[in-house]
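Enquirer: okay, sequence plus prediction incoming.
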Amino acid sequence: INQTNEIAYTINGSKIKNAFPTKDSGLKVSNVTCKEGVTAEWNNELWGLVNINSNNNSEISCNIDFIYEGTLVDYVKMMANYSDEIVEDDYGNLRYIGKNPNNYVQFNDELWRIIGVMKDIENADGTKEDKVKLVRSKSIDRHVWASDSINNWETSSLQKMLNEGAYYNRTSGDCLSGYNGTIKTCDFSSTGLTEEAKNMISASVWNLGASDSKSKLAREFYSLERGSTVYEGRPTKWIGKVGLIYPSDYGYATSGGSTTNRVTCLNKILYDWGGNRVSDCKNNDWLFKKDQNLWTLTPYFNDSYVFEIYLTGEANYPGYASETPSSFSMYTFPVVYLESEIGIESGSDGSSAKPFVLQK
């Protein structure tokens, strides 16, 4: 049987068009269905269909349903061989790309999305391992990055709210929020982190390198984010559980389109993504929010500016870290690294309707 022409297949419910899975992929067959008049059985040792019968010389057409029940890290790595939605960036990380890839997970009793598998993320003890990076699907409203106007993530009010304050403790508390950046009560009693979610998050090293220019490509931002160039007295790293996206995360999430492909997008500075001539870059990037300006973790090389992803599509730094002026209270999307042993239950395809269900 010519498997590529006559056999279709799914992995965890997702239809796959690329190369047929190999025996060492970690997959197992859950079901085989054939068109009316055709019967067949799966043989795991031969890794193919056997005992094929076709009544009345019907065309042989079967679908094989594969499932994967390992860790989420290994699932993404495996799926990179079969899915156009997962690609490797310039630094060996695996990224979900496109307008709306199947990268949804059920986490913290709500929808989050997989940014990708990041290589050699440092743990608090100095060891390194590959980790899945998640971002909350929806924002937790507008918040001020730093109440003291200083773009130091280590001391920022937003960092403290996410890692030790109301959001982290799933409670209520004062925060700088809203469009005007005024002090108000933020109620995270139903949207903050649950104990189960906190136990799945890995305390990791987050890089705090700065950029002295908005005229940077995604790969240049990535290098600077992990570099040692910082404003005087600023740290280059921070250890914690909840952060924000980087400008490079946004850049690498594009698939490009028919008028501007991915390669061309990645060779355009992120500031220029706001232009109509490269609209395929932002419009086919699932991290782009056309109605929301969102914070990133990356400071500009000065005392107070922080890069944002604008609702027009560019990465820019005109906003202050603090509430002054008031318009620089931005939407916040929490980001976490998962513990490497976190697995998935079988049967989910990663769509918003059927997100991956995580298990520890």
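Expert: Arrived safely. Numbering: from 1, shown residues only.
Enquirer: okay, now the sheet partners of the host helix or strand of residue 49, with direction.
Expert: Taking DSSP states H and E as the definition, residue 49 sits inside strand 48-54. Counting by DSSP bridges, the strands paired with strand 48-54 are strand 38-43 (antiparallel).
Enquirer: just how off-centre is the partner strand within its chain?
Expert: 38 Å (Cα atoms, centre = their mean, to the nearest Å).
Enquirer: same check, this time on stretch 47-65
Expert: For stretch 47-65, the distance to the chain centre is 38 Å (Cα atoms, centre = their mean).
Enquirer: list the contacts of it.
Expert: 1, 3, 6-10, 13, 22-23, 29-43 (Cβ atoms under 8 Å, 6 or more residues apart in numbering). The way it works is simple: take the backbone N, C-alpha and C, and place the C-beta from them, glycine included.
Enquirer: got the CA positions of it in PDB?
Expert: Taking C-alpha atoms only, stretch 47-65 is exported to PDB below (Å, rounded to 0.1, in the frame of the first residue of the first chain):
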ATOM      1  CA  TRP A  47       4.200  -0.600  11.700                       C
ATOM      2  CA  GLY A  48       1.500  -0.800   9.000                       C
ATOM      3  CA  LEU A  49      -1.800  -2.200   7.900                       C
ATOM      4  CA  VAL A  50      -2.300  -5.900   7.400                       C
ATOM      5  CA  ASN A  51      -5.200  -8.200   6.400                       C
ATOM      6  CA  ILE A  52      -6.500  -5.600   4.000                       C
ATOM      7  CA  ASN A  53      -9.700  -6.600   2.200                       C
ATOM      8  CA  SER A  54     -11.500  -4.600  -0.400                       C
ATOM      9  CA  ASN A  55     -14.900  -5.800  -1.500                       C
ATOM     10  CA  ASN A  56     -16.000  -5.200  -5.000                       C
ATOM     11  CA  ASN A  57     -12.500  -3.900  -5.800                       C
ATOM     12  CA  SER A  58     -13.300  -0.700  -3.900                       C
ATOM     13  CA  GLU A  59     -10.500   1.900  -3.700                       C
ATOM     14  CA  ILE A  60      -8.500   1.300  -0.500                       C
ATOM     15  CA  SER A  61      -8.800   4.300   1.700                       C
ATOM     16  CA  CYS A  62      -8.200   4.200   5.500                       C
ATOM     17  CA  ASN A  63      -7.500   6.600   8.300                       C
ATOM     18  CA  ILE A  64      -5.300   5.800  11.200                       C
ATOM     19  CA  ASP A  65      -5.700   7.600  14.500                       C
END
